[in-house]
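Undergrad: Whatever this is, show me its structure:
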Amino acid sequence: MFDFIKKKKEKRLQLTAYKNFLMYNNLTDELLSEQDNKLFELYGNCKEFSKKVNILVISDTNNSLDELRFADYVYRSSKYDACLLIGNISTNDLDIIKKYVDKKKTYAAFEQSEFKNVDGQVIKINNVDILIVGKKVLTQKESINVFDNYPSCDILITYSNMYNDNFGLFGINYYIYKNSIPYFIHCGLLKQYKDTMQNGTREISTFEYEYIQIN
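TA: Numbers count the residues shown, from 1 in each chain. All right, here's what the predicted structure looks like:
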C-alpha cells in the first residue's frame, strides 16, 4: 500500500516537473519535435472507447459552399447525432447551412445567432463527451496553458492541428496525451485524412463537410 502511494506521488512530481520544463525552456522546433516520445513515455496509451456517435462536421467552407451538392450530402448523412460548425464559414454559407441541418442538433465554435456557441466547452452527445475548440492565435506556451485548463473528453475537435513537422499547437499534443483522448478531429489543414498517433489516438483531418461515424 505504501509503495503504491509512494509511486503515485513520484509520478505526480514527475508530471509537474515536465510541465515546468515546458514552461521554462525555449520551445524551439527542434525541442518540440522530440516531445511526442516523451509524452508517450509519461502518459502511455489513450483510453479505450466503446461508445458510438455520428457527427457531421462543417468547416472552412470559405464562401464556396455549393448548395445542391451540400443539400444532397446532408440528406444522405441524416443519421448524425450532432452537427458541428468550426473554422471560416461565411454569412452566405451559413444561410445555406441553416436550410438543411437540424438546428436542434447543431453547435458552433464561433459567435452567431442561430446556433449555440460551444467554443471551449464540452458537450455530451450519446453519453460521449466532446470538447470543441475554435480558431485561436496562440504561442506554443500559451497553447499549453490554454489546453491544460480544458476538462477531459472522449473526442477533441479543434480548428488548429496538433504540433507536427514544425507546424501546429503543441498544447494540443500535451492535452491529448495527458487526458488519454481516444479521438482527435481537426480542420485547419484543409484536407481530409485519417491517422493513428503513437498512443493509439485516432486522428481525423476534415475539410468543408464530412459525416464521421465513431464506434
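Undergrad: Which positions within stretch 8-25 qualify as buried?
TA: Going by neighbour count (16 or more other CB atoms under 10 Å), the buried part of stretch 8-25 is Tyr18, Leu22. Yep, even glycine has a C-beta here, placed from its N, CA and C like the rest.
Undergrad: who does the longest helix anywhere in the chain touch, helix- and strand-wise?
TA: Once the chain is assigned using DSSP state H, the helix that runs over the most residues is helix 2-23. Here helix 2-23 touches helix 35-43, helix 140-148, helix 170-179, going by 3 or more CB pairs under 8 Å, 6 or more residues apart in numbering; DSSP states H and E.
Undergrad: Return the most buried member of the ones you listed.
TA: Using mean count of other CB atoms under 10 Å, the stretch among the helices and strands packed on helix 2-23 with the largest mean neighbour count is helix 170-179, at a mean of 24.
Undergrad: hmm, back to that, any chance of the helices and strands packed on helix 2-23 in a markdown table, plus distance to Asp129?
TA: Formatted as a markdown table, the entries for the helices and strands packed on helix 2-23 read as follows, by distance: least, CB to CB, whole Å:
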| stretch | distance to Asp129 |
| --- | --- |
| helix 35-43 | 18 |
| helix 140-148 | 15 |
| helix 170-179 | 10 |
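Undergrad: nearest to Ala82, of those?
TA: With distances scored as CB to CB, the stretch of the helices and strands packed on helix 2-23 nearest to Ala82 is helix 170-179 (20.3 Å).
Undergrad: quick one: that closest one to helix 140-148, angle?
TA: Direction vectors for helix 170-179 and helix 140-148, defined by axes from the mean of the first three to the mean of the last three CA atoms, to 10 degrees, enclose an angle of 40 degrees.
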